[in-house]
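K.L.:
Return a 3D structure for these sequence lines:
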Amino acid sequence: MIFHPHLLEIGNNESFVAVLGILLPIIITIATLFLIFGLEYLRFKDRQAMLEKGLDPGPFRNKLKPVNGAPIGITIAMGLIGFGIGLLIAFYLTNTLNFKEDTDPIYFGCIGIFGGLGLLSSYFLSQKLVSNTEKITGDN
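P.N.:
Here you go, the predicted structure:
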């Protein structure tokens with residue numbers, strides 16, 4: 001049995017921390033899932049009410065494109081590629097230069113710089129895709 005009443009006694013902090021360490025991730029995961037499904041349910045109900053009133057729910061659809069017109073997948077992929085390159089370079093720098101302590105600023109700096117470069121490259125890639133699409137379709 002995982003949970004015993006004596007685990008929550010005032011003087012038994014180690015056991016309380018162990019139980020809390022097990023239950024906290026489970027509680028956070030369940031709460032996050034309830035939040036996501038609750039928001040989706042409310043969004044569905046709003047769209048259903050708009051349809052019943054004869055309104056167009058089109059402007060409130062799930063927008064999978066950011067402002068620059070790129071599909072969200074490209075933006076996420078390029079950001080994660082930059083994030084990974086930043087981690088790789090930070091790992092290489094800390095092991096090559098033999099840092100003994102305080103390597104956190106190197107990791108945060110490389111992740112920020114290369115993650116930002118990945119997002120910047122996704123912006124330019126999306127602009128190129130949009131201009132190529134306009135050339136093909138003839139839209140101006």
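K.L.:
right, and the helix or strand after the helix or strand harbouring residue 44?
P.N.:
Assigned by DSSP states H and E, residue 44 belongs to helix 13-53. Using DSSP H and E, the helix or strand that follows helix 13-53 in sequence is helix 72-96.
K.L.:
can you give me the offset of that next one from its chain's centre?
P.N.:
15 Å (C-alpha atoms, centre = their mean, to the nearest Å).
K.L.:
Run through the neighbouring helices and strands of it.
P.N.:
helix 104-137 (3 or more C-beta pairs under 8 Å, 6 or more residues apart in numbering; DSSP states H and E). C-beta here means a position set from N, CA and C on the backbone, and glycine is covered the same way.
K.L.:
tell me which residues of the helix it packs on are tucked away?
P.N.:
By neighbour count on 16 or more other C-beta atoms under 10 Å, the buried set for helix 104-137 is 106-107, 110-111, 114-115, 117-118, 122-123, 125-126.
K.L.:
and the angle for it with helix 72-96?
P.N.:
150 degrees (axes from the mean of the first three to the mean of the last three C-alpha atoms, to 10 degrees).
K.L.:
just checking, what packs against helix 104-137?
P.N.:
helix 72-96.
K.L.:
avg pLDDT for the helix it packs on?
P.N.:
Averaging pLDDT along helix 72-96 yields 88.
K.L.:
Poorly predicted segments of this protein, please.
P.N.:
Within the chain, the segments meeting pLDDT under 70 span 1-13, 59-70, 138-140.
K.L.:
Try it again at 50.
P.N.:
The model of the chain has pLDDT under 50 over residues 1.
K.L.:
Quick check, residue 118 in contact with residue 82.
P.N.:
Yes: using C-beta atoms under 8 Å, residue 118 is in contact with residue 82, at 2.2 Å.
K.L.:
quick check, nearest of the buried residues of helix 104-137 to residue 58?
P.N.:
Comparing these against residue 58 with C-beta to C-beta places residue 126 closest, at 22.6 Å.
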